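> dropping the sequence and predicted coords here.
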Amino acid sequence: MGSKEEKHIVIEFQKKILQEAGCSAEVIAFLDEIEDEVFCEYYCFCFLDGMPIEEVRRIDSVPVQNWKDKIKRIREERTGYLERLFVPDAQVTQQISKLHEKAGRVFKETEELRDTINTTLKQTLKIQEEALVQQKESYQSTLASKAELLKDREDKIQSLLSEIEQNKAVWENEKKDLLLKLEEKKLRLKKRRKKKPPL
């Protein structure tokens, strides 16, 4: 009927109410034995009415087909106990009335606590979802920036390679021209030596 965390918080709240009502440690420890927090609420009402723990254990031990039948049985047993307990005494009547009021406050505060827990959980989930979306968007933006940076670097590298190839071609042409000029100079020197008369 709720998460384990919600159940733990609700039961701890009910145990605190029982402590303030002066219930014994055995009564408070009994709530830890109950798996369903709804049953804990009804047993909490029984204890606040003054029902002995032996009586509550007897009610809890009776097998039923489903949880609705169990709640019905708890209500019937609680009503019977109060009817047996009730006597036309003003003081006792006043005590029972106070116990009922306290039980009503416990139920109301428990419901409010559940609403607060549910609201807090929803807000936490929403914050986590928004954080994940922001993280995803930031990651995608970072990837896009890096991709653009890599593209710029590749373009610069290609430009430099193209410039190197062009310079290499120019250098090869200049080298050829220089070699031709050297060859021509050598030929002219040879011709001059041949034309020069011997001494």
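Yep, that arrived. Numbers count the residues shown, from 1 in each chain.

> please make it C-alpha for all contacts and neighbour counts, starting now.
OK.

> which of the helices or strands spans the closest residue to Cys46 other than its chain neighbours?
In space, Cys46 comes closest to Arg78 once its chain neighbours are excluded; the distance is 6.3 Å by C-alpha to C-alpha, 6 or more residues apart in numbering. Arg78 is part of helix 67-85, with elements assigned from DSSP states H and E.

> what helices or strands is that helix leaning on?
In this structure, helix 67-85 makes packing contacts with helix 37-48, helix 53-61, judged by 3 or more C-alpha pairs under 8 Å, 6 or more residues apart in numbering; DSSP states H and E.

> for the protein, which segments are assigned as helices?
Under the criterion DSSP state H, the chain contains helices at 4-20, 25-30, 37-48, 53-61, 67-85, 90-195.

> looking at the ones you listed, which one is packed in the most?
Of those, the one with the most neighbours on average (mean count of other C-alpha atoms under 10 Å) is helix 37-48, at a mean of 21.

> and that one, how far out from the chain's middle?
The chain centroid and the centroid of helix 37-48 are separated by 32 Å, computed with C-alpha atoms, centre = their mean, to the nearest Å.

> got the angle for that helix vs helix 53-61?
Following axes from the mean of the first three to the mean of the last three C-alpha atoms, to 10 degrees, one obtains 150 degrees for the angle between helix 37-48 and helix 53-61.

> average pLDDT across helix 37-48?
Averaging pLDDT along helix 37-48 yields 89.

> and the contacts of that helix?
Residues lying outside helix 37-48 but in contact with it, judged by C-alpha atoms under 8 Å, 6 or more residues apart in numbering, are 1, 7, 10-11, 14, 18, 21, 23, 27, 31, 34, 53, 56, 71, 74-75, 78, 99, 102-103, 107.

> who's in contact with the residue lying closest to Ile96 once chain neighbours are set aside?
Taking C-alpha to C-alpha, 6+ apart, and ignoring the residues beside it in sequence, Ile96 has Asp49 as its nearest neighbour in space, at 6.9 Å. Taking C-alpha under 8 Å, 6+ apart as the definition of contact, the neighbours of Asp49 are Leu82, Ile96, Leu99, His100.
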